[in-house]
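Student: Quick one: sequence and predicted model below, then my questions.
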Amino acid sequence: MRKIVLALSLLTTVSLHPLTVDEMLARFQKVKEKSKQRHGVVVESYVNVRSELAPGRSGSYTESNFGRTLTLEVHAGGTVSGRGAEDGRTFELRNGRVDGSHLTATKRFADGTTEPLEGIFINQRRIEGRTPREITSDHTTFGLGVTSVDFMFAGATFDRLFYERK
């Protein structure tokens, strides 16, 4: 019982500490190099994801892995309105604000429950290939990196999602 209380207090402590914009941006950076040898054949893969802050923009955004959608309207003065859908539930955004690249709002679901929405607008460049010298793909995408999520899917825990602008 003590372990459960300690774990819950640690989770509460961690979730109460808001991330800075730089900490959020760091969650959307990645460099991964793999090399496997099977039956005398070497299979290599290289992925480099670089993100940089970008100004907030109105539009429709989709997170393709989980079918989540978000439509944002960024108004003069930094206010934001919008709506979205996730896990078969729809929501409206309340108290939305954009400060530079940083978005904060509250999702209000049809049943009256609320959840925070926090993220950053970013240009995300994804470079892939066999090695850093043998690049096969290099593309940049604008979107919203959301860090106010914490859910499990297929045994994996997700603490961030990237919504690509359509």
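Tutor: Noted; the coordinates are in hand.
Student: Which positions in stretch 39-56 come out as buried?
Tutor: When burial is assessed from 16 or more other CB atoms under 10 Å, stretch 39-56 yields the following buried residues: 46, 48, 51, 53-54, 56. For the C-beta atoms, the positions are set from N, CA and C on the backbone; glycine is no exception.
Student: do stretch 113-133 as well
Tutor: Buried residues in stretch 113-133 (16+ other CB under 10 Å): 117-122, 124, 127, 129.
Student: Now, these that are in strands?
Tutor: Judged by DSSP state E, the buried residues of stretch 113-133 include 117-122, 124, 127, 129 as members of strands.
Student: The nearest residue to residue 19 once chain neighbours are set aside and residue 70: what is the separation?
Tutor: The spatially closest residue to residue 19, leaving aside those adjacent along the chain, is residue 147, at 5.8 Å (CB to CB, 6 or more residues apart in numbering). Between residue 147 and residue 70 the computed distance is 14 Å (CB to CB, to the nearest Å).
Student: More neighbours: which of these two?
Tutor: residue 70 (27 against 20; other CB atoms under 10 Å).
Student: Which strand or helix spans the more buried one?
Tutor: strand 68-74 (DSSP states H and E).
Student: Give the ranges of residues in this protein that sit below the confidence cut-off.
Tutor: Where the chain drops to pLDDT under 70, the residues are 1-17.
Student: quick one, helices of the chain?
Tutor: 2-16, 21-26 (DSSP state H).
Student: Show me the beta-bridge partners of the residue lying closest to residue 42 once chain neighbours are set aside.
Tutor: Spatial nearest neighbour of residue 42, excluding adjacent residues (CB to CB, 6+ apart): residue 35 at 6.3 Å. Taking DSSP bridges as the rule, residue 35 bridges to residue 44.
Student: tally of neighbours for residue 35?
Tutor: 11.
Student: Point to the residue nearest the middle of this structure.
Tutor: In the chain, the C-alpha nearest the mean C-alpha coordinate belongs to residue 161, at 2.6 Å (CA atoms, centre = their mean).
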